[in-house]
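Novice: Kindly return the folded structure for what I paste below:
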Amino acid sequence: MKKNNRLYMYVICMSLLIISLIGVYLFQDINITGFAVSENNASQTANAEVNLSRENALNSLLEAEEHIKEMKRYNLSVFYVNDLLLEAKRNYIGETISYINKDLEKEQDRNKLAYLESLLIIQKNTPIYEVKKLSTPEVFRITSLINDKKNQAYKILDTISLLEGKEQSYSKIGIETSEGLDLIKEAKKSFIEERYDEAEDLLNQANLKLDNASLEYNRVKGLLNLTKSFFAKYWRQIISIFLFLAIISYPAIKIIRKKLAKKKLINLKLELEVISKLLKRVQADYFSKRITRDTYRIRTERYKHRAAEIKHTIPVLEPIAKGGKK
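Specialist: Numbers count the residues shown, from 1 in each chain. All right, here's what the predicted structure looks like:
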């Protein structure tokens with residue numbers, strides 16, 4: 001009986017071992033197969049993402065083309081945005097034409113097929129030193145910048161129109177707008193040359209100048225109105241003050257004139273005494289031969305001329321200094 005039990009247990013253990021080995025083998029196959037399927041799915045997902053990214057990049061290029069056409073319809077300069085678009089195309093093409101060829105194989109839209117073929121021509125005509133690495137993020141960045149430049153251009157156009165109207169309305173009522181007008185002209189020139197940031201800055205300055213001119217005009221106008229209203233209210237008092245000033249001004253002027261004449265008369269008499277002394281000194285220098293005859297003659301004539309002027313002026317000032325008439 002014991003031998004039968006042992007045999008029975010042995011059979012059971014062997015059976016469990018065999019079942020375990022079979023189970024391990026089956027699960028291993030499942031994992032290997034699952035890994036292969038997972039790897040295959042990841043590869044397909046990556047390819048799908050690449051295709052989707054390139055498709056979106058191609059659409060963004062086509063949208064940028066439409067933005068530039070729209071700008072041309074408004075007679076806007078497009079040299080800068082065209083350069084940007086060319087750079088975006090080169091980033092889409094990459095260093096070889098392999099990606100473009102793949103795009104051509106799977107593309108069904110006629111317009112996109114024609115556009116892709118035009119990219120092949122660009123790739124052919126691009127110098128080696130201007131070839132770009134394949135970069136769809138760069139394509140999105142540049143095409144977004146083109147859209148921003150288009151919107152900026154429209155904003156500047158509207159701002160120029162608004163400021164020109166503002167300047168004309170201010171000018172009609174007499175506001176000085178020359179500085180603002182000059183800045184608007186400079187902004188228009190920058191805008192034509194596609195220097196949009198500079199144009200916006202100049203337009204902001206022009207707007208500030210026009211606003212300041214308007215404030216100054218209103219301030220001066222307010223002061224004039226205040227002066228007119230003040231005069232209209234107190235005109236009797238103002239006239240009385242002017243009459244009073246006119247009455248007292250004549251005696252005051254006469255007194256001041258008399259004092260000035262006295263002061264000048266004293267100075268002239270002192271100067272005449274000094275000239276007399278200088279004449280004596282120059283004569284002494286000449287006779288002692290310290291100066292030449294020419295120097296003596298020049299100094300003597302200058303002193304005598306000034307003495308004559310003083311002698312002519314003193315009789316005129318004396319009656320004024322005494323309070324008499326000239």
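
Novice: hey, where'd the strands end up in the protein?
Specialist: With strands called from DSSP state E, the chain shows none.

Novice: Which residue ranges make up the domains of it?
Specialist: 48-151, 244-321 (automatic domain parsing).

Novice: how close does Arg73 get to Ser60?
Specialist: To Ser60, Arg73 is 21 Å away according to C-beta to C-beta, to the nearest Å. Quick note: C-beta positions are derived from backbone N, CA and C, even for glycine.

Novice: Kindly report the same for Glu193.
Specialist: Noted for Glu193: a distance of 27 Å to Ser60, by C-beta to C-beta.

Novice: Which one's more surrounded, those two?
Specialist: Legend: neighbour count by other C-beta atoms under 10 Å for Glu193 and Ser60, higher for Ser60 (21 against 13).

Novice: where does this protein dip in pLDDT?
Specialist: For the chain, residues meeting the criterion pLDDT under 70 lie at 1-52, 226-235, 250, 324-326.

Novice: how does it look with 90?
Specialist: 1-54, 74, 96-97, 106-107, 216-266, 268-304, 306-307, 309-326 (pLDDT under 90).

Novice: quick one, helices of it?
Specialist: Secondary structure of the chain (DSSP state H): helices at 2-73, 79-93, 98-106, 110-125, 136-172, 178-192, 196-287, 293-321.

Novice: Pull the residues that contact the third one.
Specialist: With contacts defined as C-beta atoms under 8 Å, 6 or more residues apart in numbering, helix 98-106 is touched by Asn51, Arg54, Leu58, Ile93, Leu113, Leu116, Glu117, Leu119, Leu120, Gln123, Leu134.

Novice: Which members of those are classed as buried?
Specialist: Among the contacts of helix 98-106, those classed as buried by 16 or more other C-beta atoms under 10 Å are Arg54, Leu58, Ile93, Leu116, Leu119, Gln123, Leu134.

Novice: Return the residues in contact with the fourth one.
Specialist: If a contact means C-beta under 8 Å, 6+ apart, then Leu116 has Leu58, Ile100, Asp103, Leu104, Glu107 as its contacts.

Novice: Contact partners for the last one?
Specialist: By C-beta under 8 Å, 6+ apart, Glu107 lies in contact with Leu113, Leu116.

Novice: Could you pull up phi and psi at it?
Specialist: Backbone torsions of Glu107, given as degrees, to the nearest 10, read phi -80, psi 140.

Novice: Relative to Ala114, how far out is it?
Specialist: Distance, Glu107 to Ala114, by C-beta to C-beta: 10 Å.

Novice: Ok, the second one next?
Specialist: As judged by C-beta to C-beta, Ile100 and Ala114 stand 13 Å apart.

Novice: neighbour-wise, which of these two wins?
Specialist: Between Ile100 and Ala114, counting by other C-beta under 10 Å, Ile100 is the more crowded of the two (19 against 10).

Novice: burial count for Glu216?
Specialist: Per other C-beta under 10 Å, the neighbour tally for Glu216 reads 12.

Novice: and it, what does it touch?
Specialist: Glu216 makes contact with Glu176 under the criterion C-beta under 8 Å, 6+ apart.
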